[in-house]
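Engineer: the sequence and its predicted three-dimensional model are supplied below.
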Protein chains: 2
Amino acid sequence: MGLMTQTRWLDEREKAAWRGFLEASHRVERRLEQQLKEESGLSHPQYEVLVLLADAPGRELRMTELAHALITSKSGLTYQVGQLEKRGYVRRRSCPTDVRGIFAQLTDEGYEALREAAPGHVAAVREALIDVLEPDELTVVAEALSRVGHRLR
Amino acid sequence: MGLMTQTRWLDEREKAAWRGFLEASHRVERRLEQQLKEESGLSHPQYEVLVLLADAPGRELRMTELAHALITSKSGLTYQVGQLEKRGYVRRRSCPTDVRGIFAQLTDEGYEALREAAPGHVAAVREALIDVLEPDELTVVAEALSRVGHRLR
DNA sequence: AGTTCATCCTTCAAATTTGAACAACACCGC
DNA sequence: GCGGTGTTGTTCAAATTTGAAGGATGAACT
């Protein structure tokens, strides 16, 4: 920091991209949060947990894997999985090969809840983001933002 | 919802765009939060408040305007402005033309804090997002995401 | 002036998030 | 086998966020 003599400020185009990115991510997040809570009683983090588990082999994942995939803190995940467990959507199972490890496993009730929540969620994702983009924009956004995400790992 | 007979699920390209968007927004947010807190002792919301005030005429804005611009709740803004006030970065001033209204005004100390925080923040924004995008990608992302944001107002 | 309805900001309790601290264990090389 | 090192998941307190509720005012209309 002390070595930097001059700052490369953002020009107008760059500022527009940054502002657009910020506003879009906040508003989309807010909209999805609202839609999910309203129609399914789930928070977005909770919904994401269910999705990841449903796609996983045996419908279960280690807590740490889940935390990484959700880009959240370990303690935050502990809390959310606790909430889902209270509702009977998830069950904890200890790992056979590693005594420390815990599997979070999707229950049938959890799978059913996801089944019911998914259509409304996907519709909201389309309305907020996907269907707003032209086909070529979709391609560029997917490619570019994936790179952005990967570089921050 | 009850009228929808079939859901238009996301195909691979759409799913990639959605996942990319989600991961990028979470990781970028996380990185900026960390950078700011580390180098300036500010949270991202707090930094954004300072930026908006610095750009406003008289370096002040109404609480409601701030809340809208930050895409946050009114009570959330009350809290953050309270924090900034404690540090002497912001001062509250009641509105002459509307007794209910409150102006949040940037102090000289606040301006100075922003001045010191800005270079590191901009560098982080470049490293996380802007400089990761090709010039043509930047244009598309700016245009497309701005539209996404606008449609959710 | 009175009435009605919307707006402004704050307060409050509850929910959530965060990071540090912790205890138990796996893994690796010696 | 044994220490040293890194992981794993939870717990705890503190910080933050949220939405509902409320008190006070503005604005428009009669």
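Structural biologist: Received the coordinates, thanks.

Engineer: okay, residue A:150: pLDDT?
Structural biologist: If you check residue A:150, the pLDDT there is 95.

Engineer: so which bits of the helix or strand harbouring it are buried?
Structural biologist: Here residue A:150 sits within helix A:135-151, counting by DSSP states H and E. Residues of helix A:135-151 classed as buried by neighbour count (16 or more other Cβ atoms under 10 Å in any protein chain shown): A:137, A:138, A:140, A:141, A:142, A:143, A:144, A:145, A:146, A:147, A:148, A:149. Placement of C-beta: from N, CA and C, glycine included.

Engineer: and which of the residues you listed is nearest residue B:3?
Structural biologist: residue A:138 (26.5 Å; Cβ to Cβ).

Engineer: so which residues on chain A come close to DNA strand D?
Structural biologist: Residues of chain A found near DNA strand D (Cβ under 7 Å from any atom of the strand) are A:30, A:33-34, A:62-64, A:67, A:74-75, A:77-79, A:81, A:92, A:95, A:98, A:100-102.

Engineer: go again using 10 Å as the cut-off
Structural biologist: A:26, A:29-30, A:33-34, A:37-38, A:43, A:61-68, A:73-82, A:85, A:92, A:94-95, A:98-104 (Cβ under 10 Å from any atom of the strand).

Engineer: select only the buried ones of the residues you listed in ChimeraX?
Structural biologist: Buried residues among the residues of chain A next to DNA strand D (16+ other Cβ under 10 Å), as a ChimeraX selection:
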select /A:26,29,30,33,43,61,62,63,65,66,67,77,80,81,102,103,104
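
Engineer: in strands only, show me the residues of chain A next to DNA strand D.
Structural biologist: Taking DSSP state E as the definition of strands, the residues of chain A next to DNA strand D contribute A:61, A:62, A:92, A:94, A:102, A:103, A:104.

Engineer: pull the most distant pair out of those residues.
Structural biologist: Top of the distance list for these (Cβ to Cβ): A:61 and A:94, 13.8 Å.

Engineer: the closest residue to DNA strand C within chain A and residue A:67, how far apart?
Structural biologist: Closest approach between chain A and DNA strand C, counting by Cβ to the nearest atom of the strand: residue A:75, at 3.1 Å. Per Cβ to Cβ, to the nearest Å, residue A:75 is found 9 Å from residue A:67.

Engineer: mind pulling the model confidence for the closest residue to residue A:94 other than its chain neighbours?
Structural biologist: Excluding the flanking residues, the one nearest residue A:94 by Cβ to Cβ, 6 or more residues apart in numbering or on different chains is residue A:102, at 6.0 Å. Residue A:102 carries a pLDDT score of 97 in this model.

Engineer: listing request: residues of chain A with sub-threshold pLDDT.
Structural biologist: A:1-2 (pLDDT under 70).

Engineer: surely residue A:74 is in contact with residue A:66?
Structural biologist: No - using Cβ atoms under 8 Å, residue A:74 is not in contact with residue A:66; the gap is 9.4 Å.

Engineer: and the longest helix for chain A?
Structural biologist: Criterion DSSP state H: the longest helix present in chain A is helix A:12-40.
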